[in-house]
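> coordinates only, sequence not included:
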């Protein structure tokens, strides 16, 4: 290579290299809205599915996951949903994730005013600002959800996910406002709160209503807490297990409890959220090889899923494109034709 060419080649190479280095990977966008309910500005973080802006397919609507403690959970959760929704191995539909950032966490997520004393200083009340969860759930229902529904393409299916006080909030919302969300996730919920007030509320709910609302899901994870041996919130485990016993005696709720050995309170939400999504959308995954033999199985599976979840789910256009490509490349002509017709049925460009 001549010296002059080397001299020219290097700057050109570095130019293209630097240009590529400036490309950014974005996982979401921040939105700020003023809450009349809470009388303050609140920040929410929104992650959109990978196909949301894909102009080669028809605009789709997506389920929405409302994620508490957004500043802690949003980054990993957004990637987790994309991973679980990847075709052709999707365990869940693509979802919009809305992370709600905290301002006054204890105020917003706790159901009652508690004067629990510090175990190291009995003269200190730990939760002086507690008990504002009714205002916060009103903020979610009357302000956040309408904002998301107005500005994004949303499906009528939503999930509320929380950890610790957020898990307490999720269960309290299920008991008091079961219709606000379709599914609830409570990772290591603080059911010890205020002398186990939610245990009493759960018993009262079952006594009054006899059963939980149909087609609702609740997932509860439980950490292997070292605090139990340290006498710090030692009633955490007992309260979760007591709640589990009450719910399992009432078989109407689509419920799962999972104990994570080796995970402490601060880490359990990661595996808990992963398993919760697979549990909530159980039945969403289809076997593409089986579809080659029995193409009608796809609509049958989605009908079963929709009936179980109380909301309509249909195969996405993106997934149908994958199925059609698979049938074509493997010589399943009849199945290819079937799925092309199915695509026209759901996503006609007329």
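Here it is on my side, so go on. Keep in mind that this is a model prediction, so the values were computed, not measured.
> switch to C-alpha atoms for all contacts and neighbour counts from now on
Noted.
> for residue 221, what are its contacts?
186, 187, 188, 189, 257, 258, 259, 260, 268, 269, 272 (Cα atoms under 8 Å, 6 or more residues apart in numbering).
> can you list the residues you listed in a markdown table and add secondary structure and pLDDT?
Below are these laid out as a markdown table (DSSP: H, G, I helix; E, B strand; the rest coil; pLDDT from 0 to 100):
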| residue | secondary structure | pLDDT |
| --- | --- | --- |
| 186 | strand | 98 |
| 187 | strand | 98 |
| 188 | coil | 97 |
| 189 | coil | 97 |
| 257 | strand | 97 |
| 258 | strand | 97 |
| 259 | strand | 95 |
| 260 | strand | 96 |
| 268 | coil | 97 |
| 269 | helix | 97 |
| 272 | helix | 98 |
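> give me the buried subset of those residues.
186, 187, 188, 189, 257, 260, 268, 269, 272 (16 or more other Cα atoms under 10 Å).
> turn the residues you listed into CSV, including distance to residue 240.
Supplementary listing: those in CSV, determined by distance: Cα to Cα, whole Å:
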residue, distance to residue 240
186, 10
187, 10
188, 8
189, 7
257, 9
260, 13
268, 14
269, 15
272, 15
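> tell me what the residue positioned nearest the centre of the chain is bridged to.
With distances taken as Cα atoms, centre = their mean, the residue of the chain nearest its centroid is residue 65 (4.1 Å). Residue 65 has these beta-bridge partners by DSSP bridges: residue 97, residue 159.
> per-residue confidence for it?
Note on residue 65: pLDDT of 98.
> distance of it from residue 299?
From residue 65 across to residue 299, the span is 25 Å (Cα to Cα, to the nearest Å).
> same deal with residue 203?
Applying Cα to Cα, the value for residue 203 to residue 299 is 40 Å.
> ok, now residue 331?
Distance from residue 331 to residue 299, by Cα to Cα: 22 Å.
> one more: residue 342?
Per Cα to Cα, residue 342 is found 9 Å from residue 299.
> next one: residue 205
Residue 205 is 37 Å from residue 299, by Cα to Cα.
> same deal with residue 174?
In this view, residue 174 and residue 299 are 31 Å apart by Cα to Cα.
> those two: who's more crowded?
Between residue 174 and residue 299, residue 174 has the larger neighbour count (other Cα atoms under 10 Å), namely 22 against 14.
> give me every residue that touches the more buried one.
Shown in contact with residue 174 (Cα under 8 Å, 6+ apart): 180, 181, 184.
> how about the first one, nearest residue that isn't a chain neighbour?
With sequence-adjacent residues excluded and distances taken as Cα to Cα, 6 or more residues apart in numbering, residue 180 is closest to residue 141, at 7.0 Å.
> the one you found: neighbouring residues, count only.
15.
> residue 126 against residue 117, yeah?
Yes. Using Cα atoms under 8 Å, residue 126 is in contact with residue 117, at 5.7 Å.
> tell me which of those two has more neighbours.
residue 126 (16 against 13).
> give me the pLDDT for the more buried one.
Here the pLDDT value assigned to residue 126 is 77.
> quick revisit: could you dump the contacts of residue 174 into a markdown table with distance to residue 50, secondary structure and neighbour count added?
Output for the contacts of residue 174, formatted as a markdown table (distance: Cα to Cα, whole Å; DSSP: H, G, I helix; E, B strand; the rest coil; neighbours: other Cα atoms under 10 Å):
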| residue | distance to residue 50 | secondary structure | neighbour count |
| --- | --- | --- | --- |
| 180 | 26 | helix | 18 |
| 181 | 24 | coil | 21 |
| 184 | 24 | strand | 28 |
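> with those in mind, which one is nearest to residue 164?
Of all the contacts of residue 174, residue 184 has the smallest distance to residue 164: 13.4 Å, by Cα to Cα.
> that closest one and residue 36: what is the separation?
Residue 184 sits at a distance of 25 Å from residue 36 (criterion: Cα to Cα).
> quickly list the domain ranges of the chain.
29-285, 286-350 (automatic domain parsing).
> so how far is the shortest one off the chain centroid?
Relative to its chain's centre, domain 286-350 lies at 25 Å (Cα atoms, centre = their mean, to the nearest Å).
> can you check the first one too?
Relative to the centre of its chain, domain 29-285 is centred 8 Å away, using Cα atoms, centre = their mean.
> what about it, how long is it end to end?
Domain 29-285 has an end-to-end distance of 29 Å (Cα to Cα).
> strands along the chain, start to end?
29-35, 40-47, 62-67, 96-100, 154-163, 183-187, 217-223, 254-260 (DSSP state E).
> so which of these is the most packed in?
strand 183-187 (a mean of 29; mean count of other Cα atoms under 10 Å).
> one step back: the residue nearest to residue 180 and residue 149: what is the separation?
11 Å.
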